[in-house]
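Engineer: The sequence and its predicted three-dimensional model are supplied below.
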Amino acid sequence: MRVALPPALRTALLAQTRDAHPNECCGLLAGARDGELFRVSALHRTRNLSTDPMKFEIDPADHLAAQKAARAGGDAIIGCYHSHPGGRAEPSASDLAGAVEDNFLWLVVAGEAVGAFVYRGGAFRGCVTGAD
């Protein structure tokens, strides 16, 4: 599995995580999926409703707005992103417990590292990330 994440979006993602620190930032990824390739075309920052600063819960109203914006641009919501302040760029146990949609892309940011994973069959599988 591969993820095409344009450099400008990667830069914006890292900026969002710095802005939210020490809390987790979160948002949704718009784009398209072609077989095993996920092409990210936009980030939709969302409010984090979690009262735990080390967890995230995407605001349903923001989720709906992101879906509408993605559709208007000819895309779909293909995944989500969030940060792990002081953690690792990989899904946590609570991420796994909250994952429900198969073939959904997860970007996890820690510091300057961006990890990409697809939830499939009850587990996260790592992806190769590039700009193509």
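Structural biologist: Structure's in. What do you need?
Engineer: pLDDT score for Thr129?
Structural biologist: For Thr129, the model assigns a pLDDT of 88.
Engineer: quick one: it and Asp59, what's the gap?
Structural biologist: Going from Thr129 to Asp59 by Cβ to Cβ, to the nearest Å gives 26 Å. To be clear about C-beta, it is placed using only N, CA and C from the backbone, and glycine gets the same treatment.
Engineer: Looking only at neighbour counts, state which of those two leads.
Structural biologist: Legend: neighbour count by other Cβ atoms under 10 Å for Thr129 and Asp59, higher for Thr129 (17 against 14).
Engineer: Pairing partners for the helix or strand of the chain with the lowest mean pLDDT, with directions?
Structural biologist: Lowest by mean pLDDT, DSSP states H and E among the helices and strands of the chain is strand 128-130, with a mean of 88. According to DSSP bridges, strand 128-130 forms sheet pairs with strand 2-4 (parallel).
Engineer: outside of the partner strand, which residues touch it?
Structural biologist: If you take Cβ atoms under 8 Å, 6 or more residues apart in numbering as the criterion, strand 2-4 is touched by 36-40, 105, 107, 116, 127-132.
Engineer: Quick check on these: which are buried?
Structural biologist: Applying 16 or more other Cβ atoms under 10 Å to the contacts of strand 2-4, the neighbour count classes 38-40, 105, 107, 116, 127, 129 as buried.
Engineer: so the residue nearest the centre of the chain is in which element?
Structural biologist: Centroid-nearest residue in the chain, with Cα atoms, centre = their mean: Tyr81, separated by 1.8 Å. If you go by DSSP states H and E, Tyr81 is part of strand 76-83.
Engineer: elements contacting that strand?
Structural biologist: The contact analysis (3 or more Cβ pairs under 8 Å, 6 or more residues apart in numbering; DSSP states H and E) places strand 76-83 against helix 7-20, strand 26-34, strand 37-46, helix 60-72, strand 104-110.
Engineer: and the angle for it with helix 60-72?
Structural biologist: 130 degrees (axes from the mean of the first three to the mean of the last three Cα atoms, to 10 degrees).
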